[in-house]
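>>> Here's a sequence, model it:
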Amino acid sequence: VQLQASGGGLVQPGGSLRLSCAASENIFSINAMGWYRQAPGKQRELVAAITSGGSANYADSVKGRFTISRDNAKNTVYLQMNSLKPEDTAVYYCNALKVIFTQGYVYWGQGTLVTVSS
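Numbers count the residues shown, from 1 in each chain. Down below sits the predicted model:
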């Protein structure tokens, strides 16, 4: 599975951005997709994830501000980020988990930089 992330950029505090992650294959075949982020000097952390059935979960720090969604027809997962804060500044990575029989395979996109600053 190849993942192409896009949509990052510079935004002022309180602003919004939408990240997109386009998969190279039908996302029905992918068990879960998500977004991680890594800020300078920090470990990569899960931001949000969504299963093939549509169940979503979020990091506590983004609940109520970020929304993950999927467009099966476009094989794309989105992360709508509202009320952005400077602490949301990070490189955001798209992630996919595909389980074949009992083996799990994890795939990563190239990352897109989000900078929240005035």
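
>>> And residue 99, how far from residue 73?
23 Å (CB to CB, to the nearest Å). (Each C-beta comes from the backbone N, C-alpha and C, glycine too.)

>>> Same drill for those two, tell me which one is more crowded.
Counting neighbours by other CB atoms under 10 Å for residue 99 and for residue 73 shows that residue 99 has the greater number, 12 against 8.

>>> what's in contact with the helix or strand hosting that one?
Assigned by DSSP states H and E, residue 99 belongs to strand 90-100. Strand 90-100 has contacts (CB atoms under 8 Å, 6 or more residues apart in numbering) with 1, 3-5, 8, 19, 21, 23, 29-39, 42, 44, 47, 49, 77, 79, 104-114.

>>> so where do the strands sit in this protein?
Secondary structure of the chain (DSSP state E): strands at 3-6, 9-11, 17-23, 32-38, 45-51, 56-58, 66-71, 76-81, 90-100, 103-108, 112-116.

>>> mind putting the ones you listed in CSV, mean pLDDT included?
Below are the strands of the chain laid out as CSV (pLDDT from 0 to 100):
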stretch, mean pLDDT
strand 3-6, 95
strand 9-11, 97
strand 17-23, 97
strand 32-38, 96
strand 45-51, 97
strand 56-58, 97
strand 66-71, 96
strand 76-81, 97
strand 90-100, 95
strand 103-108, 93
strand 112-116, 97
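
>>> Show me the beta-bridge partners of the residue nearest to residue 92 when sequence neighbours are not counted.
Of all residues not flanking residue 92 in the chain, residue 37 sits nearest, at 4.8 Å (CB to CB, 6 or more residues apart in numbering). On the basis of DSSP bridges, residue 37 is bridged to residue 45, residue 92.

>>> what's near enough to touch residue 37?
Contacts for residue 37 (CB under 8 Å, 6+ apart) come out as 44, 45, 47, 88, 90, 91, 92, 93, 114.
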